[in-house]
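# This is the structure alone, sequence omitted:
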């Protein structure tokens, strides 16, 4: 499917709000019956007054299909480079080459961290990095040249190979990639990901959080989601709450994710993530989404995306809301590392797995490990044939 700025709303069946009243009970009944919700209906759920009704329905749908197992992926967070050409107003991860803390991991560091993570029981190597820094920084192009590669993605490919030799399965989140770049990485990745964040082009306008972030153009991000589906890559995406979007735009973003998944079946998980204010960012004084906003968005995601979808919320960003998010219909906590911190949110430590398991158990759930690729995608349709035996070996140990 071709995308353009004028047609993005129509491409995903997103229509302006009709202002017609929607009754949450009838919308919920339609969702529980497996019917597709419109963006207006999803927005009505996000803003519904009866939170208890919404959470009860989302939890029931999750239980019906997923049961009461809640998963997480033991991972090593590898910040391959924190240089980035984008300048999102909420980000502390990205750096310029001359900034304190600017860093590109060297091959020996990738090997060492991967080896130590595997010894601690990790199975995932999360390759996380900024968008195409070689476009913006001559110094970084020289770094790549010294490493014997031309592009960041070529270096990520090498990093994935190194992690694989240490027994980890790579999951790459390298920002916006072309079809050819994803094709290059597919043989050395169990899965890949790109946060949609939000479908709204409004956030790219002057004064918006993505004004200086060309790689956050929704048309381009949706194109990558489409092309990942064409390449049969198990894929992670999600939305980011609290960056200036409206409830209607949250709903429209969920509908866009649902529709691309219906075409290709490749979206293995959807993350509902909350913005966290930090003193060093331009959005330092912006309000964070409340736990109720998060619960509404999670429950709406469950009802929009259905019982089969894996829905995740990062526990380190909402440590007091574990039980609430379980009620809202999640079935996954994402990656948790016993070795490395969350370099995107370094102020937010990972939960101790034993303590998280205890809280889940007291709420009536069982916490268990998973791989960076979900079980339903572990076959020769979704995993490169050369990589599949390594994935299956690790899967058999779970």
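Now that the structure is in, tell me what you want to look at. Since the model is a prediction, treat every value here as computed from it, not as a measurement.
# wait, residue 172 sits on residue 187?
No: using C-beta atoms under 8 Å, residue 172 is not in contact with residue 187; the gap is 11.8 Å. All C-beta atoms are positioned from the backbone trio N, CA, C, and that covers glycine.
# more crowded one of those two?
Taking neighbours as other C-beta atoms under 10 Å, residue 172 and residue 187 compare with residue 172 leading, 31 against 15.
# The more buried one belongs to a strand?
Yes: counting by DSSP: H, G, I helix; E, B strand; the rest coil, one finds residue 172 located in a strand.
# how about the nearest residue to it, chain neighbours excluded?
Distance criterion C-beta to C-beta, 6 or more residues apart in numbering; nearest residue to residue 172, sequence neighbours excluded, is residue 127 at 4.3 Å.
# now swap in residue 227 and tell me
Per C-beta to C-beta, 6+ apart, closest to residue 227 is residue 179, 4.3 Å.
# Distance check, that neighbour against residue 128.
In this view, residue 179 and residue 128 are 21 Å apart by C-beta to C-beta, to the nearest Å.
# between these two, which one's more packed in?
Looking at residue 179 and residue 128 with other C-beta under 10 Å, you find the greater number of neighbours at residue 128, namely 21 against 14.
# Quick check: the gap between the closest residue to that one other than its chain neighbours and residue 136.
Leaving out its chain neighbours, the residue that sits closest to residue 128 by C-beta to C-beta, 6+ apart is residue 173, at 5.2 Å. Residue 173 sits at a distance of 19 Å from residue 136 (criterion: C-beta to C-beta).
# Report the mean confidence score over the helix ranked longest in the chain.
Identified as the longest helix of the chain according to DSSP state H is helix 247-264. The average pLDDT within helix 247-264 is 98.
# what's the distance between it and the middle of its chain?
From the chain centre to the centre of helix 247-264 is a distance of 14 Å (C-alpha atoms, centre = their mean, to the nearest Å).
# Ok, stretch 190-202 next?
Centroid separation between stretch 190-202 and its chain, computed with C-alpha atoms, centre = their mean, is 7 Å.
# what about it, how long is it end to end?
34 Å (C-alpha to C-alpha, to the nearest Å).
# So which bits of it are buried?
Applying a neighbour-count criterion of 16 or more other C-beta atoms under 10 Å, one finds 190, 191, 192, 193, 194, 195, 196, 197, 198, 199, 200, 201 buried in stretch 190-202.
# okay if I get those as a markdown table plus distance to residue 339, pLDDT and secondary structure?
Output for the buried residues of stretch 190-202, formatted as a markdown table (distance: C-beta to C-beta, whole Å; pLDDT from 0 to 100; DSSP: H, G, I helix; E, B strand; the rest coil):
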| residue | distance to residue 339 | pLDDT | secondary structure |
| --- | --- | --- | --- |
| 190 | 19 | 98 | coil |
| 191 | 20 | 98 | strand |
| 192 | 22 | 98 | strand |
| 193 | 20 | 98 | strand |
| 194 | 24 | 98 | coil |
| 195 | 23 | 98 | coil |
| 196 | 29 | 98 | coil |
| 197 | 27 | 98 | strand |
| 198 | 32 | 98 | coil |
| 199 | 35 | 97 | coil |
| 200 | 36 | 97 | coil |
| 201 | 39 | 97 | helix |
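# quick one: which of those is nearest to residue 263?
Nearest to residue 263 among the buried residues of stretch 190-202: residue 196, at 15.0 Å, using C-beta to C-beta.
# In this structure that closest one contacts residue 225, no?
Yes: with contact defined as C-beta under 8 Å, residue 196 and residue 225 form a contacting pair (6.9 Å).
# Overlap in contacts, these two.
237, 257 (C-beta atoms under 8 Å, 6 or more residues apart in numbering).
# Spatially central residue in the chain, please.
residue 237 (4.1 Å; C-alpha atoms, centre = their mean).
# What are the contacting residues of stretch 157-172?
Residues outside stretch 157-172 that contact it (C-beta under 8 Å, 6+ apart): 75-76, 78, 80, 105, 107, 110-111, 114-115, 117-118, 122-127, 147, 149, 156, 184-185, 188-193, 236, 335, 371-373, 387, 390-391, 394.
# Give me the next element, helix or strand, following the helix or strand harbouring residue 222.
Assigned by DSSP states H and E, residue 222 belongs to helix 218-230. Using DSSP H and E, the helix or strand that follows helix 218-230 in sequence is strand 235-241.
# and the residue nearest to the centre of the chain, what pLDDT?
For residue 237, pLDDT reads 98.
# contacts for the helix or strand following the longest helix of the chain?
As assigned by DSSP H and E, the chain's next helix or strand after helix 247-264 is strand 267-274. For strand 267-274, the external contacting residues (C-beta under 8 Å, 6+ apart) are 191, 195, 225, 234-242, 254, 257, 260-261, 288-289, 294, 297-298, 301, 305, 309-314, 317-318, 330, 332, 334, 373-374, 376-377.
# Can you flag the buried ones in those residues?
Listed as buried from the contacts of strand 267-274 are 191, 195, 225, 234-242, 254, 257, 260-261, 288-289, 294, 297-298, 301, 305, 309-314, 317-318, 330, 332, 334, 373-374, 377; burial here means 16+ other C-beta under 10 Å.
# Any stretches of the chain with poor pLDDT?
1-22 (pLDDT under 70).
# Would you map the strands across it?
Under the criterion DSSP state E, the chain contains strands at 69-81, 124-129, 169-173, 191-193, 235-241, 267-274, 310-312, 332-336, 366-369.
# Show residues contacting the fifth one.
Contacts to strand 235-241, defined as C-beta under 8 Å, 6+ apart, come from residues 171, 173, 191-198, 225, 228-229, 250, 253-254, 257, 266-275, 289, 293-294, 297, 301, 312.
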